[in-house]
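**Student:** Generate coordinates for the sequence data below:
(one chain, ligands or ions: 1)
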Amino acid sequence: MFSCKSLQLGAQAIKASLSKVYRFSKPTSTPTDRPWKLYDQGRALFSTTATGSADGGNEDDQKISVTFVDKDGEETQIKVPVGMSMLEAAHQNDIELEGACEGSLACSTCHVIVMDIEQYNKLEDPTDEENDMLDLAFGLTETSRLGCQVIAKPDLDGLRLALPAATRNFAVDGYKPKPH
Ligand code: FES
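**Tutor:** Below you'll find the predicted structure:
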């Protein structure tokens, strides 16, 4: 009997205790009292933003600005997609950069001069094949490269390339092919 009453008293005490806990932790209906809601909203906002930029972003983010300077000092600024060679970019924009072998490293007619040494230093080192062709280029300089081997990448944004006054093909036969 005693033990049964003790059990009843114990159960009541536990029930009262649980009731207090429940009242204390029960959420109120006021938004400011519900920080987890703000957290959820913030997480949703963050998630939406992250997905948006990963899905595509601005198309200009994938292009860099490149300026070609011709032998008369005339400048043409174009946008070049990352991954495209300067030779292709020049041809797409009617810039007179020859490229007789169409990028197969068998000529030097796509010779360009990188005007900024810092930009030049960001380029991959020329291969032996490129160096061999560069040796044949007209007006070779310390920052000469073959335009078909210079590939657009984000840190080359603002690249300035001078077009030499002539190429070997022009100098020899005067033939001036149209860009492809
Ligand atoms: Fe001939 Fe670049 S186009 S080497």
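**Student:** the bottom helix or strand of this structure by mean pLDDT?
**Tutor:** helix 35-55 (a mean of 37; mean pLDDT, DSSP states H and E).
**Student:** after that one, next one along is what?
**Tutor:** Following helix 35-55 in sequence order, the next helix or strand is strand 63-69 (DSSP states H and E).
**Student:** Now Val150: closest residue in space that isn't a chain neighbour?
**Tutor:** Counting by Cβ to Cβ, 6 or more residues apart in numbering, Val150 lies nearest to Met86, which is 4.5 Å off, once chain neighbours are set aside. To be clear about C-beta, it is placed using only N, CA and C from the backbone, and glycine gets the same treatment.
**Student:** okay, and for this protein, where does confidence drop off?
**Tutor:** Flagging of the chain using pLDDT under 70 yields the residue ranges 1-61, 168-180.
**Student:** what ranges do the strands span in it?
**Tutor:** Using DSSP state E, the strands of the chain run over residues 63-69, 75-81, 111-114, 144-146, 159-162.
**Student:** quick one, which of those strands is nearest to Glu96?
**Tutor:** For the strands of the chain, distance to Glu96 was read as Cβ to Cβ. The smallest value, 8.9 Å, belongs to strand 63-69.
**Student:** what lines up beside the closest one in the sheet?
**Tutor:** If you go by DSSP bridges, strand 63-69 pairs up with strand 75-81 (antiparallel), strand 159-162 (parallel).
**Student:** any chance of those strands in TSV, plus mean neighbour count?
**Tutor:** Formatted as TSV, the strands paired with strand 63-69 follow (neighbours: other Cβ atoms under 10 Å):
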stretch	mean neighbour count
strand 75-81	15
strand 159-162	21
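**Student:** between those, which gets nearest to Ser108?
**Tutor:** Of these, nearest to Ser108 by Cβ to Cβ is strand 159-162, at 14.9 Å.
**Student:** what does the closest one rub up against?
**Tutor:** Strand 159-162 is contacted from outside by 64-69, 86, 112-116, 119, 147, 150, 152, using Cβ atoms under 8 Å, 6 or more residues apart in numbering.
**Student:** quick one: is that strand near the ligand?
**Tutor:** No: Strand 159-162 does not reach the ligand (Cβ under 6 Å from any ligand atom); its nearest approach is 13.3 Å.
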